[in-house]
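Participant: Everything below, folded, please.
(2 chains)
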Amino acid sequence: DTAVSQTPKYLVTQMGNDKSIKCEQNLGHDTMYWYKQDSKKFLKIMFSYNNKELIINETVPNRFSPKSPDKAHLNLHINSLELGDSAVYFCASTQISGNSGNTIYFGEGSWLTVV
Amino acid sequence: AQKITQTQPGMFVQEKEAVTLDCTYDTSDPSYGLFWYKQPSSGEMIFLIYQGSYDQQNATEGRYSLNFQKARKSANLVISASQLGDSAMYFCAMKRNTGFQKLVFGTGTRLLVSP
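Facilitator: The predicted model follows:
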């Protein structure tokens, strides 16, 4: 029973392609995130959605477009992939409403390699 | 703005010994949470321990304890009785508990446990 699941786990694709990474959480949380971990292992937030609404959008190129069809899903679509997009992308979730101190749980990560 | 600093890029410890991983933080928010995550070589982000800014006692979870010194803005992780399986990257992170809530990560500490 994976709490936060991402697919695919590994993705190798050519420059210029468009790809999507899907994320689902079965924890009943109201908030989901996408984080990017670069080659130096640094983790940085990209987006956050609360109840399907975008609440955090860090400085991310327009080629990255998150979509949240419902509060249990947050997908990441990337257009015109570039070499620098190669990274590990982590989905995460937490419950904000009604509880201020909740833990954020991460998916297993999606390894994207652009060649 | 929130900031997390981990000054130890790498740490070595012998099996069965205790080790302390340092973490200092900076924030102007009165209510916040501090987290430690473990990332083994397989890549997943595993939640270890949480400390709320208003918690009076230091958090403990099994062999993990968080040495929270609020006045010094430090939240060091103590791992007792190290095991070989503890070898991994360890990330300290913080999240404000009001407004836009996102985890801000440190640069991580790589721990190597030797037999």
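Participant: Pretty sure A:Ala3 sits against A:Leu27.
Facilitator: Yes: under the criterion of Cβ atoms under 8 Å, A:Ala3 makes contact with A:Leu27 at 5.2 Å. For every residue, glycine as well, the C-beta is placed using N, CA and C.
Participant: what is in contact with these two at once?
Facilitator: A:Ser93, A:Tyr105 (Cβ atoms under 8 Å, 6 or more residues apart in numbering or on different chains).
Participant: right, and the helix or strand after the host helix or strand of A:Leu74?
Facilitator: Assigned by DSSP states H and E, A:Leu74 belongs to strand A:73-78. Per DSSP H and E, strand A:73-78 leads on to strand A:87-94 as the next helix or strand towards the C-terminus.
Participant: how far out from the middle of the chain is that following strand?
Facilitator: Chain-centre distance of strand A:87-94: 4 Å, with Cα atoms, centre = their mean, to the nearest Å.
Participant: any residues touching the next helix or strand after that strand, and which ones?
Facilitator: Using DSSP H and E, the helix or strand that follows strand A:87-94 in sequence is strand A:105-106. If you take Cβ under 8 Å, 6+ apart as the criterion, strand A:105-106 is touched by A:3-4, A:25, A:27, A:29, A:35, A:90-94, B:37, B:44-45, B:47.
Participant: so where is chain A shaky, pLDDT-wise?
Facilitator: A:1-2, A:98-101 (pLDDT under 70).
Participant: What is the nearest of the contacts of strand A:105-106 to A:Leu43?
Facilitator: A:Tyr35 (5.3 Å; Cβ to Cβ).
Participant: picking that back up, widest-spaced pair of the contacts of strand A:105-106?
Facilitator: A:His29 and B:Glu44 (17.9 Å).
Participant: more neighbours, these two?
Facilitator: Legend: neighbour count by other Cβ atoms under 10 Å in any protein chain shown for A:His29 and B:Glu44, higher for A:His29 (21 against 13).
Participant: tell me the contacts of the more buried one?
Facilitator: Contacts of A:His29 (Cβ under 8 Å, 6+ apart): A:Lys71, A:Ser93, A:Thr94, A:Gln95, A:Tyr105.
Participant: Now with 6 Å, please.
Facilitator: A:Ser93, A:Thr94, A:Gln95 (Cβ atoms under 6 Å, 6 or more residues apart in numbering or on different chains).
Participant: what about the spatially closest residue to the second one that is not a sequence neighbour, neighbour count?
Facilitator: So that's A:Thr94. The shortest distance from A:Thr94 to any non-neighbouring residue, by Cβ to Cβ, 6 or more residues apart in numbering or on different chains, is to A:Ile104 (4.3 Å). Neighbours of A:Ile104 under the rule other Cβ under 10 Å: 26.
Participant: show me the residues around A:Ile104 that make contact.
Facilitator: Residues in contact with A:Ile104, defined by Cβ under 6 Å, 6+ apart, are A:Ala92, A:Thr94, B:Leu103.
Participant: make it 10 Å
Facilitator: A:4, A:29, A:31-33, A:35, A:92-96, B:33, B:35, B:37, B:45, B:47, B:50, B:93, B:95, B:101-103 (Cβ atoms under 10 Å, 6 or more residues apart in numbering or on different chains).
Participant: just to revisit the earlier point, what subset of the contacts of strand A:105-106 is buried?
Facilitator: A:Val4, A:Gln25, A:His29, A:Tyr35, A:Phe90, A:Cys91, A:Ala92, A:Ser93, A:Thr94, B:Tyr37, B:Met45, B:Phe47 (16 or more other Cβ atoms under 10 Å in any protein chain shown).
Participant: No further questions, thank you.
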